[in-house]
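Asks: Here is a sequence with its predicted model. Questions after.
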Amino acid sequence: MASPQLYHEDKIPSPWHLIWQHFANRPTAMLGLWCLTLVVLISVFGPLLAPYDAEFQAADALLKPPSWHAEGSVEYFLGTDDLGRDIFSRLLHGAHLTFGYAALIVLVALAAGFIIGAFSGMSEGLKSSVLGHLLDALLSLPSVVLALLIAAVLGPGLDNVFWAVGLALLPGFIRAVHNAVHDEMQKEYVMAARLDGANRWQQFRYVILPNVTDAIVVQTTLAFSNAILDIAALGFLALGAQAPSAEWGAMVNQGLDNVLSAPWTVTMPGLAILLSVLATNLVGDGLRQAIAEERG
């Protein structure tokens, strides 16, 4: 026979559970999350789902309109370009070049910026000032302008895009982490942990890090949308991915010659970029508001 429960035990939800509840209560944030999940799945499985190869050319289907057009065909759902390449297939193949590359660049920039920013925020005196303000001058330039300058020096190509966009995003991560850690270092509970005998690593791991996670999440979502735009901008200006690449920004550039006679060659990759950036911004805005509500 089961023993009766004499005492009622209340389960206290974790901070991240509360943040998820606040996030889930926002329809726009959930819409952005579903769209972002869709783009992630396309980036991973896009080449497997594409009906044609990215470079396949149908000589009898040049500038074919989308399927909903009177002259369109379901065989080419989003139409074809001036070389007879299926735009829908190219968008699926190019998702990992724009969205996937952006995710990789943000992860690397986050890791490097977190290490430098945390070290400078935990330091004192000249070392903290030098590391914390080393890249402040670069913050006066928009990331896309800085990426353009670096790409112009390194030359075109996807490999150089990685360094150009990554270096452009790095100052923002360093500054955000530095400010968050430096502000936490002034709090009374950090002083209490120090008086209790906690060393620098213990102070950072158990006291400071849990309280700067929100700032890191916010900066990461902002950097992610900027990375997508920067990669697409470099591809559009022929400083990033080169033809015949299916990268979305390069696809917009390749369709400019036919923008009047075949506008779908420009609007379709443009809409893909818009959807990715919009979904990322909706998720980031929802996270910021959910974290603010949980902290408040």
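Replies: Good, I have the coordinates.
Asks: and residue 275, what does it touch?
Replies: Contacts for residue 275 (C-beta atoms under 8 Å, 6 or more residues apart in numbering) come out as 35, 39. Glycine gets a C-beta too; all of them are placed from N, C-alpha and C.
Asks: So for this protein, the centremost residue is which one?
Replies: residue 224 (1.9 Å; C-alpha atoms, centre = their mean).
Asks: And the helix or strand hosting that one, what's buried?
Replies: For residue 224, the host element (DSSP states H and E) is helix 209-236. For helix 209-236, burial by neighbour count (16 or more other C-beta atoms under 10 Å) applies to 209, 211-212, 214-236.
Asks: Could the C-alpha coordinates of stretch 160-173 be exported in PDB?
Replies: Written as PDB, here are the backbone C-alpha positions of stretch 160-173 (Å, rounded to 0.1, in the frame of the first residue of the first chain):
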ATOM      1  CA  ASN A 160      37.200  35.400 -47.100                       C
ATOM      2  CA  VAL A 161      33.600  36.200 -46.200                       C
ATOM      3  CA  PHE A 162      34.000  34.000 -43.100                       C
ATOM      4  CA  TRP A 163      36.900  36.300 -41.900                       C
ATOM      5  CA  ALA A 164      35.300  39.500 -43.100                       C
ATOM      6  CA  VAL A 165      32.000  39.000 -41.400                       C
ATOM      7  CA  GLY A 166      33.500  37.400 -38.300                       C
ATOM      8  CA  LEU A 167      35.900  40.200 -37.700                       C
ATOM      9  CA  ALA A 168      33.100  42.700 -38.200                       C
ATOM     10  CA  LEU A 169      31.000  41.100 -35.600                       C
ATOM     11  CA  LEU A 170      33.800  40.500 -33.000                       C
ATOM     12  CA  PRO A 171      33.900  44.000 -31.500                       C
ATOM     13  CA  GLY A 172      30.200  43.900 -30.600                       C
ATOM     14  CA  PHE A 173      30.600  40.600 -28.800                       C
END
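Asks: Please tell me how far the longest helix seen in the chain is from the chain's geometric centre.
Replies: For the chain, the longest helix by residue count, based on DSSP state H, is helix 264-295. Centroid separation for helix 264-295 versus its chain: 9 Å, with C-alpha atoms, centre = their mean, to the nearest Å.
Asks: Next: stretch 259-274.
Replies: 22 Å.
Asks: do stretch 12-19 as well
Replies: Centre-to-centre, stretch 12-19 and its host chain are 25 Å apart (C-alpha atoms, centre = their mean).
Asks: immediately after the host helix or strand of residue 179, which helix or strand?
Replies: For residue 179, the host element (DSSP H and E) is helix 158-185. Later in the chain than helix 158-185, the nearest helix or strand by DSSP H and E is helix 188-195.
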